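> Sequence and predicted structure below; questions after.
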Amino acid sequence: AQTVTQSQPEMSVQEAETVTLSCTYDTSESDYYLFWYKQPPSRQMILVIRQEAYKQQNATENRFSVNFQKAAKSFSLKISDSQLGDAAMYFCAYVTSNTGKLIFGQGTTLQVKP
Amino acid sequence: GAVVSQHPSWVICKSGTSVKIECRSLDFQATTMFWYRQFPKQSLMLMATSNEGSKATYEQGVEKDKFLINHASLTLSTLTVTSAHPEDSSFYICSARDVGRVLNTEAFFGQGTRLTVV
């Protein structure tokens, strides 16, 4: 069975600084996709960034980038120039082509200090 | 982006009654919708996969008779919590995939429903 693990329940970063959130996953599939979602206090799920497993190049979306290490099954999220609005719970998620089901990690609560 | 509307946003019901939650894709068709449950400060746990025109597929440990799912059209799935008890109090979230897009596109989430059973 596929699993996603986020080992950092809480993280804290100073405004304008950089923070990295960790995520590892376990799968025997070869065709899958990885995501980072943000859940602010409103609890609306917001897609931050996605990575296709077959792509070697790390995805980047403005201040957000990932470090995708396929062999190590690691998928960390780096947030640069952290802003107060980045404070939220962040979930790493995995989906395979054949099921379409998103499997979420435990989540990391990010606090941004002014 | 595609919009998924979930209704109601919050509901309070008495123990023993049933509650229906709706999940609608407003500007796209969704053959598959997913229902999640989330406790405070915890992850989203997949409850079931809702397939248009067929029976839902439930995850292990989820009671089919307790959580009734109906997916009667390409834009609407409903989750009915039957004979609700206080332990069913939780945050329920639906998501939908656009049939017109490739799989790696993100799932679109509803805004969630906070259920409180008293």
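Right, received. Where do you want to start?

> Excluding chain neighbours, what is closest to the most centrally placed residue in chain A?
Nearest to the mean C-alpha position of chain A, by C-alpha atoms, centre = their mean, lies A:Trp36 at 3.2 Å. Nearest residue to A:Trp36, sequence neighbours excluded (C-beta to C-beta, 6 or more residues apart in numbering or on different chains): A:Val48, at 4.3 Å. In this view, the C-beta of every residue, glycine as well, is placed from N, C-alpha and C.

> go on, B:Phe91?
Spatially, and ignoring its direct neighbours in sequence, B:Phe91 is nearest to B:Gln38 (4.5 Å; C-beta to C-beta, 6+ apart).

> So that neighbour sits against B:Leu46, correct?
No - using C-beta atoms under 8 Å as the test, B:Gln38 is too far from B:Leu46 to be in contact (10.6 Å).

> Tell me how many other residues crowd B:Arg114.
A count of neighbours around B:Arg114, defined by other C-beta atoms under 10 Å in any protein chain shown, yields 15.

> sorry, that was for B:Ser43
If you count neighbours by other C-beta under 10 Å, B:Ser43 ends up with 21.

> ditto for A:Ala1
The criterion is other C-beta under 10 Å. On that basis, A:Ala1 has 7 neighbouring residues.

> Close to chain B: what parts of chain A are there?
Contacts of chain A with chain B, taken as C-beta under 8 Å from any C-beta of the partner chain, map to A:33, A:35, A:42-45, A:47, A:50, A:52, A:89, A:91, A:95, A:97, A:100-107, A:109.

> quick one on the thing from earlier: and the residue nearest to B:Phe91, what's its pLDDT?
According to the per-residue confidence, B:Gln38 scores 96 in pLDDT.

> same question, A:Ser97
With respect to pLDDT, A:Ser97 has a value of 69.
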